[in-house]
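Colleague: Sequence below, structure please.
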Amino acid sequence: MLTLRENEELIKMVRQHKSVIAGAVSWAVIFAGFVTFSFLRFDIYIFGYSWEIAVGAILLATLIILYKIYIWRKNTLIITNQRVVLNIRQGVFSRTVTELLYRDIYDISFRQVGLSALINRYGELIMKTPSGSEIIFDKAPSPGKIVEIINKARSEEKGKYVLD
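Modeller: Residues are numbered from 1 along each chain as shown. The predicted structure follows:
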């Protein structure tokens, strides 16, 4: 997934908040349960297929759940002692990797909007570069702690150059 450079150490790997997959999983389960219940309870037959459609709905829901878990596991923010790497997957064949060295991070902040974000402690992690671009990691769990970890690593990285 990520090859560390010479003298580079992994500090933390952060995935998006679990609420990202909770919605997709719950909708897939509700869909499969509704279709299965409807076809089996009310003896609905479409061209003589009832059990097959119910099993198909369950398999489709299972595939959706596995796909959403795969995408969730691949969306990561990797913090090392030298840089921050953001891997974002929108789909199986779509990947965006953003690498920021600590000297390239001009400002780092976070934003929590809404009652759900405050209760579940997730938000947007925003890193700004000197060119004015913003790198955003959405639904980061405990974004305040992540900001502290990155700022601590940034200060230690700056200390190396001052002492040398």
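Colleague: Go ahead and confirm Val14 touches Pro141.
Modeller: Yes. Contact criterion Cβ atoms under 8 Å: Val14 and Pro141 qualify, at 7.0 Å. C-beta: built from backbone N, CA, C; applies to glycine.
Colleague: and this structure, what are its domains?
Modeller: Following automatic domain parsing, the chain resolves into domains at 10-17+75-163, 21-70.
Colleague: For those, which has the smallest mean pLDDT value?
Modeller: For these, the weakest mean pLDDT is recorded on domain 21-70, namely a mean of 84.
Colleague: That domain spans what distance, first to last residue?
Modeller: 10 Å (Cα to Cα, to the nearest Å).
Colleague: And the strands in the protein?
Modeller: 10-15, 76-80, 83-91, 94-101, 107-111, 122-128, 134-141 (DSSP state E).
Colleague: Present the ones you listed as TSV; the columns should include mean neighbour count and distance to Arg154.
Modeller: Below are those laid out as TSV (neighbours: other Cβ atoms under 10 Å; distance: least, Cβ to Cβ, whole Å):
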stretch	mean neighbour count	distance to Arg154
strand 10-15	15	11
strand 76-80	20	10
strand 83-91	17	9
strand 94-101	12	10
strand 107-111	15	8
strand 122-128	21	11
strand 134-141	18	14
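Colleague: want to throw the ones you listed into JSON lines with distance to Tyr67?
Modeller: JSON lines is the format used below for the strands of the chain (distance: least, Cβ to Cβ, whole Å):
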{"stretch": "strand 10-15", "distance to Tyr67": "16"}
{"stretch": "strand 76-80", "distance to Tyr67": "17"}
{"stretch": "strand 83-91", "distance to Tyr67": "9"}
{"stretch": "strand 94-101", "distance to Tyr67": "13"}
{"stretch": "strand 107-111", "distance to Tyr67": "28"}
{"stretch": "strand 122-128", "distance to Tyr67": "22"}
{"stretch": "strand 134-141", "distance to Tyr67": "18"}
